[in-house]
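In: build me a model from this:
(one chain, ligands or ions: 2)
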Amino acid sequence: MHIMVAEREGAYEAIPFSFDTTAETLSLEGEDYAIVGAIHVEGRVLPTGTRYRVEGKITCTKSFDCDRCLKHTLEEQTHEFIEEFSREARPGDVVNPIENDRLVLDTVVRDTIMAAQPLAKLCKPDCKGLCPVCGQDLNEGSCGCDTFVPDPRLAVLQDFFKDNKN
Ligand SMILES: [Zn+2]
Ligand SMILES: [Zn+2]
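Out: Numbering: from 1, shown residues only. Ligands and ions are numbered 1, 2, ... in the order given. Prediction:
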């Protein structure tokens, strides 16, 4: 997935691009999730004289099991990125190197997707999870179990009031 810039040298008009790739092509492996199906990447390259500024938007589908209710979930995601490419850049620089007159986007796209994943994987932001007693999915209704767990901090407070009554 790359954009040729050889014959664009000195030109200042934006270069639009659009690609479809896959997690496999990008060697993108999440520890506890997968990006499934097509990963669509589109955007434009803006030559700025000595550098190229790439503005892109990634659309992909994440497949995972919800951390709270364990439900298998497919989530549509959109991620945006802005990256600079330069002929003077070295590997490891903030600016990406231009390799053989090409702006290679694979690493940028993979890193953008991976860095954007939240630590918690939830089927929806307010997922109620499973009842710790009977395992009922609490998103589908309450089961009526007594799930009250005494808070040890509260117990200390209760003792304090008891001791200070008389
Ligand atoms: Zn859930
Ligand atoms: Zn229950």
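
In: in the chain, where is pLDDT below threshold?
Out: Applying pLDDT under 70 to the chain flags the ranges 7-11, 91, 149-152, 154-166.

In: near ligand 2, which residues of it are found?
Out: Counting by CB under 5 Å from the ion, the chain comes close to ligand 2 at 131, 133-134, 136, 143, 145. For the C-beta atoms, the positions are set from N, CA and C on the backbone; glycine is no exception.

In: residue 62 belongs to a helix, doesn't it?
Out: No. In this structure, residue 62 is strand, not part of a helix, as judged by DSSP: H, G, I helix; E, B strand; the rest coil.

In: count the neighbours of it for me.
Out: Residue 62 is flanked by 19 other residues according to other CB atoms under 10 Å.

In: list the contacts for the closest residue to it other than its chain neighbours?
Out: Distances taken as CB to CB, 6 or more residues apart in numbering place residue 75 nearest to residue 62, at 4.6 Å, with adjacent residues excluded. Contact partners of residue 75, counting by CB atoms under 8 Å, 6 or more residues apart in numbering, are 61-62, 64.

In: now do residue 147
Out: Counting by CB under 8 Å, 6+ apart, residue 147 has contacts 131-133.

In: let's see that with 6 Å instead.
Out: For residue 147, the contacting residues are 132-133, by CB atoms under 6 Å, 6 or more residues apart in numbering.

In: and it, its phi and psi?
Out: Main-chain torsions, residue 147, degrees, to the nearest 10: phi -110, psi 20.

In: now, which of the contacts of residue 75 sits nearest ligand 1?
Out: Proximity of these to ligand 1 (CB to the ion) peaks at residue 64, which lies at 10.3 Å.

In: tell me the contacts of the closest one?
Out: So residue 64 contacts 33, 73, 121 (CB under 6 Å, 6+ apart).

In: how about residue 62?
Out: Residue 62 sits next to 33, 35, 75, 77 when contact means CB under 6 Å, 6+ apart.

In: tell me how the chain divides into domains.
Out: Per automatic domain parsing, the domain ranges recorded for the chain read 2-125, 128-166.

In: right, is the longest one up against ligand 1?
Out: This means domain 2-125. Yes. On the criterion CB under 5 Å from the ion, domain 2-125 is in touch with ligand 1 at 66, 68-69, 123.

In: which one of the residues you listed is nearest to ligand 2?
Out: residue 69 (12.9 Å).

In: adjacent strands (with direction) for the host helix or strand of the residue nearest to residue 62?
Out: Assessed by DSSP states H and E, residue 75 sits inside strand 72-86. Here strand 72-86 has these sheet partners by DSSP bridges: strand 51-65 (antiparallel), strand 96-97 (parallel).
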